[in-house]
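1. no sequence on this one, just coordinates:
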C-alpha cells in the first residue's frame with residue numbers, strides 16, 4: 001500500500017513508519033517538525049514538509065494517491081491541555097477535520113488513528129476494556145473522544161474505514177536501534193527518568209506516594225513503542241481485509257508502579273538516579289491497566305517487547321549517547 005504517516009517524524013510516528021517499511025509498504029511522511037525530528041526520517045521514505053492546518057496544501061499532498069493515512073499529528077501534554085484548551089481544540093480537532101475532509105476528497109480508503117486511554121478517565125473497573133464508559137478528565141482526552149466520534153460519522157457517511165487505537169503508556173525505543181531521535185520536552189515518566197540518568201535534569205519528581213497501591217505510587221500500563229507500531233500494521237491489515245472499522249486498546253495488561261520503574265532504571269543504567277516525592281497531581285488515578293483481549297481476538301496482536309527491562313534498556317541505549 002501507499003501510506004501517508006502524518007506526524008511520521010515524531011516518536012511514535014517514526015516507529016510506525018519503520019514498521020510499515022519493514023512490511024514492504026511505500027511510506028511518505030507528512031510533518032511540520034514542531035515536535036518531530038529530521039533524524040527520524042528514513043532514507044527509504046518520501047517526505048512532505050507541511051502543516052495539517054494548511055488545508056489546500058494538505059489536500060494537494062493527499063491527491064498524490066494514498067491508500068491509507070496513519071494519523072499521529074496531535075498535541076499530547078495533558079497538563080498543558082488544561083491550561084491552553086484552545087491550542088488543543090484547533091490542532092487536534094480542527095486539524096483532524098482537515099485531514100478527514102482531504103482524505104475523502106482524494107480517495108483515501110483507510111485511516112489509523114492514535115487515540116488514548118485518556119478517553120476513559122477515572123477507571124470504574126480494571127482492567128479497562130473497550131466497553132468502559134468514556135469520561136475523560138482532561139481536555140486532551142476530550143479531543144480524542146471527539147475525534148473518535150467524527151471518525152464514526154465519516155465511516156457511516158463517507159465509507160472511510162478507520163481503526164482507533166487507544167494507547168496506554170507508550171515508551172521504549174526501537175529494539176534494533178534504528179530510531180534515535182529523543183523526544184523534545186518530554187513529560188512522560190521513562191524519558192524523564194532517562195534525562196535524570198544522563199544529567200539533563202536534576203531529579204525525577206514522583207507525584208504522590210500515598211495511593212492505595214503496594215508501594216504508594218501510581219500503577220500504569222506501559223506499552224513498548226515497537227508493540228504499538230505492530231498494532232498499527234495489524235489494524236490496517238484488519239480494516240482493509242474486512243472493510244470494517246474497529247476501536248481497540250493497545251496495552252501490555254501489566255501494571256508497574258512509578259517506584260518500580262525508577263528501580264528498574266537504576267539497575268539497568270547503573271546510575272543512582274536522584275528522585276524526590278512531591279504532592280499528587282489532580283486527576284491521577286491510582287491504577288490504570290488495560291485489557292487487550294479484543295486486540296488479540298480480532299487483530300492477532302499481543303505485546304512482545306513491553307517487559308520493564310526492554311522498556312528501560314532500549315530507552316537507555318538512545319539517551320546514554322547524549323551524556
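-> Arrived safely. Just so you know, these numbers come straight off a predicted model, no measurement behind them.

2. so where's the stretch 51-200 of the chain shaky on pLDDT?
-> For the stretch 51-200 of the chain, no stretch is flagged by pLDDT under 70.

3. can you give me the helices for it?
-> Listed in chain order, the helices of the stretch 51-200 of the chain (DSSP state H, counting those that start in this stretch) span residues 55-62, 78-83, 85-88, 95-104, 139-158, 189-197.

4. which residue of this structure sits farthest from its center?
-> Farthest-out residue of the chain from its mean C-alpha position, per C-alpha atoms, centre = their mean: residue 272, at 29.0 Å.

5. Is that one within a helix or a strand, and which one?
-> Per DSSP states H and E: residue 272 is located in neither a helix nor a strand.

6. who's in contact with it?
-> Residue 272 is in contact with residue 266, counting by C-beta atoms under 8 Å, 6 or more residues apart in numbering. Every residue, glycine included, has its C-beta placed from N, CA and C.

7. right, and residue 42 touches residue 18 too?
-> Yes - Residue 42 lies in contact with residue 18 (C-beta atoms under 8 Å); the separation is 6.6 Å.

8. Now do the shared contacts for these two.
-> Counting by C-beta under 8 Å, 6+ apart, the shared contacts of residue 42 and residue 18 are residue 178.

9. higher neighbour count, the two?
-> Between residue 42 and residue 18, counted using other C-beta atoms under 10 Å, the more crowded position is residue 18 (24 against 15).

10. Just say helix, strand or coil for that one.
-> Following DSSP: H, G, I helix; E, B strand; the rest coil, we place residue 18 in the helix state.

11. how far away is the residue nearest to it when sequence neighbours are not counted from residue 264?
-> Leaving aside its chain neighbours, residue 18 sits nearest to residue 178 (6.0 Å; criterion: C-beta to C-beta, 6 or more residues apart in numbering). Per C-beta to C-beta, to the nearest Å, residue 178 is found 23 Å from residue 264.

12. And the two? Which one has more around it.
-> Neighbours were counted for residue 178 and for residue 264 using other C-beta under 10 Å; residue 264 has more, 19 against 14.

13. ok, that one - contacts?
-> If you count contacts by C-beta under 8 Å, 6+ apart, residue 264 has them with 256, 308, 309, 311, 312.

14. In CSV, list those residues along with secondary structure, distance to residue 240 and neighbour count.
-> Below are those laid out as CSV (DSSP: H, G, I helix; E, B strand; the rest coil; distance: C-beta to C-beta, whole Å; neighbours: other C-beta atoms under 10 Å):
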residue, secondary structure, distance to residue 240, neighbour count
256, strand, 34, 23
308, helix, 34, 21
309, helix, 35, 10
311, helix, 30, 26
312, helix, 35, 25
